[in-house]
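K.L.:
Need coordinates for the below:
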Amino acid sequence: MSKSLFRSLMSNIIKITRKKSSGIGRPTANKMEPRYDYNRQWTLQPKLATKPLFTFKLISYNILAQDLLMQHLYLYMNRPEELLTWRHRLQKLQREIIKLDPDILCLQEMQYDHLAMLVQRLTANSGKRLEYVYKKKTGNRTDGCAIIYDATKFKLISQHGVELYDMNVPLLDRENVALLAKFRLKQSSRDRNAKESQEVVVATTHLLFNPRRSDVRCAQVTKLLNELHIFAANSSKDCSSDSNKKQSLPDSYTTPVILTGDFNSEIDTPPMTLIRSKGTDDSSLNFKLLNPGDYTASTYQHEWITVDYIMHSDCPRSKQKLDVLSVYLLPKIHSCANAGYIPNHYLGSDHYSLGAVFALVPK
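P.N.:
Predicted coordinates for the structure are as follows:
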C-alpha cells in the first residue's frame with residue numbers, strides 16, 4: 001500500500017471516530033426506536049357529497065385495568081415482569097394516545113384510581129382542555145368505562161351510566177356497564193348562525209368475557225340498545241322556537257349515535273347480529289359497523305381475533321347523519337403474530353386501539 005493511500009485511509013478513520021465521539025451522525029431516538037404502529041394505517045373513505053357541519057376524531061381502546069391484570073397474571077407469564085407494571089404501561093398508553101390525538105377517547109377497563117392521572121398526563125402533553133365522564137362497574141370491581149373529550153370542541157349535555165345488571169332478570173347477573181354521553185358540538189364563529197344545534201351521542205361498553213355465555217351478552221346488548229334508544233330521543237320542542245317549523249317536524253327526532261367498546265364477540269356471533277339488525281320502524285338506530293380491515297385482529301384470546309368495534313347509527317328519524325371520513329385499520333393477523341403477545345415493549349394493553357374520523361352532515 002502506498003504512503004499516500006495509507007494516509008488517506010487513516011484520515012477517514014479519524015473523521016469517523018470524531019463524529020461518533022461527538023454524537024454527530026448518530027441516529028435520532030425516533031429512528032432508533034422501532035415503530036410500534038408499523039402495521040397500522042388510516043384509510044380514506046370516498047369524498048362527501050355534502051359539506052360537513054363538523055368533523056372529529058374518535059378513538060376506542062380497552063386499556064387493560066391493572067387490577068384485572070394482577071388477578072389474571074397467569075395470562076401474561078410469557079412477558080417480562082417490568083412490561084406489566086402500571087408505570088411502564090401508562091407511558092406506552094400515553095404515548096400512543098397522544099400520537100393518535102383524538103377529540104373523543106372511549107376507554108374500557110379504565111381503573112377508577114388511574115383515571116385522573118391519565119387525564120392529567122394527556123392534558124399536559126396535548127395542550128387540550130380535557131374533561132371526562134365515568135361509570136364504574138357494579139359490585140367490588142375497580143374498573144369501568146370512561147369517555148374523555150376535548151371541552152373546547154364539545155359541550156356535555158347529559159350523561160347516563162347503564163348497569164347491565166338486573167336482579168329481576170336471570171341473564172343480567174353480571175357486573176358489566178355502559179356509559180352514554182350526549183354532546184353539543186361547539187360551533188366556530190362562521191357556523192354560529194346555524195339554524196339547528198349539532199349534537200351527537202357517544203356510547204361505550206364492555207360486555208361479559210365468558211366465551212360460553214353468548215346468551216348473557218345478548219341480554220346485555222338488548223338492555224343497552226333499549227337505553228340508547230331512549231337516551232338518543234329528543235322532543236321537537238327542544239330544537240326550534242319557530243311554531244311553523246315545529247308543525248313540519250315529526251313529534252321527535254333521534255340524535256346520531258356512535259357506539260364503541262369491547263363486545264367480547266366476533267362479528268358473526270348472535271350479540272353482534274343483534275346489534276346490527278335493521279329495525280322495522282323509523283326510530284330504529286340501525287347500527288352500521290366500521291370495517292377495521294380484512295383478516296385483522298384486536299386482541300388475543302387463544303388466537304388472534306376481533307372483539308372490539310366502532311359503529312354508528314343510521315336512523316331515519318335523525319335530522320343529521322354521521323359519515324365516516326377515515327378508519328384506523330386494525331393490524332393484520334399475521335402482523336399480530338409476528339409482533340408477538342401484547343402488552344409488550346411498545347404497546348401498553350392486551351388490545352389494539354380502534355379509531356375513526358367522523359363528519360356530521362345534514363340530511
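
K.L.:
Relative to Thr296, how far out is Ser335?
P.N.:
Separation of Ser335 from Thr296 (Cβ to Cβ, to the nearest Å) stands at 9 Å. For the C-beta atoms, the positions are set from N, CA and C on the backbone; glycine is no exception.

K.L.:
Mind checking which of these two has more residues around it?
P.N.:
Using other Cβ atoms under 10 Å as the criterion, Ser335 and Thr296 rank with Thr296 on top: 20 against 16.

K.L.:
Contact partners for that one?
P.N.:
Thr296 sits next to 306, 329-333 when contact means Cβ atoms under 8 Å, 6 or more residues apart in numbering.

K.L.:
The closest residue in space to Ser60 that isn't next to it in sequence bridge partners, please.
P.N.:
Distances taken as Cβ to Cβ, 6 or more residues apart in numbering place Thr260 nearest to Ser60, at 3.6 Å, with adjacent residues excluded. Residues in a beta bridge with Thr260, per DSSP bridges, are Thr204, Ile310.

K.L.:
Check the contact between Thr260 and Ala203; I expect there is one.
P.N.:
Yes. If you go by Cβ atoms under 8 Å, Thr260 and Ala203 touch, sitting 7.2 Å apart.

K.L.:
returning to that earlier point: rebuild the contacts of Thr296 as a markdown table, extending it with pLDDT and secondary structure.
P.N.:
Formatted as a markdown table, the contacts of Thr296 follow (pLDDT from 0 to 100; DSSP: H, G, I helix; E, B strand; the rest coil):
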| residue | pLDDT | secondary structure |
| --- | --- | --- |
| Thr306 | 98 | coil |
| Leu329 | 94 | coil |
| Leu330 | 96 | coil |
| Pro331 | 95 | coil |
| Lys332 | 94 | strand |
| Ile333 | 94 | helix |
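
K.L.:
any idea which of the residues you listed has the most stuff around it?
P.N.:
When neighbours are taken as other Cβ under 10 Å, the top entry among the contacts of Thr296 is Leu330 (26 neighbours).

K.L.:
ok so, going back, what's the neighbour count on the residue nearest to Ser60?
P.N.:
Residues lying near Thr260 (other Cβ under 10 Å) number 28.

K.L.:
who's in contact with it?
P.N.:
Neighbouring residues of Thr260 by Cβ under 8 Å, 6+ apart: 58, 60, 106, 202-205, 308-311, 354.

K.L.:
Looks like Met272 contacts Asn264 (just checking).
P.N.:
No. Counting by Cβ under 8 Å, Met272 stays clear of Asn264, with 10.2 Å between them.

K.L.:
Quick one: end-to-end distance for stretch 56-67.
P.N.:
End-to-end distance for stretch 56-67: 32 Å, by Cα to Cα, to the nearest Å.

K.L.:
And the average pLDDT for it is what?
P.N.:
Mean pLDDT, computed over stretch 56-67, is 98.

K.L.:
how about that stretch: buried residues?
P.N.:
For stretch 56-67, the neighbour count (16 or more other Cβ atoms under 10 Å) marks 56-67 as buried.

K.L.:
okay if I get those as a markdown table plus secondary structure and distance to Asp268?
P.N.:
Putting the buried residues of stretch 56-67 into a markdown table (DSSP: H, G, I helix; E, B strand; the rest coil; distance: Cβ to Cβ, whole Å) gives the following:
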| residue | secondary structure | distance to Asp268 |
| --- | --- | --- |
| Phe56 | strand | 30 |
| Lys57 | strand | 29 |
| Leu58 | strand | 25 |
| Ile59 | strand | 25 |
| Ser60 | strand | 21 |
| Tyr61 | strand | 24 |
| Asn62 | strand | 21 |
| Ile63 | coil | 26 |
| Leu64 | coil | 26 |
| Ala65 | coil | 28 |
| Gln66 | helix | 33 |
| Asp67 | helix | 32 |
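
K.L.:
Go through the residues you listed and name the one nearest Gln198.
P.N.:
Ranked by distance to Gln198 (Cβ to Cβ), the buried residues of stretch 56-67 are led by Phe56 at 10.5 Å.

K.L.:
For the closest one, list each beta-bridge partner.
P.N.:
According to DSSP bridges, beta-bridge pairing links Phe56 with Phe358.

K.L.:
My guess is it contacts Thr152. True?
P.N.:
No. Assessed by Cβ under 8 Å, Phe56 is found out of contact with Thr152, at 11.6 Å.
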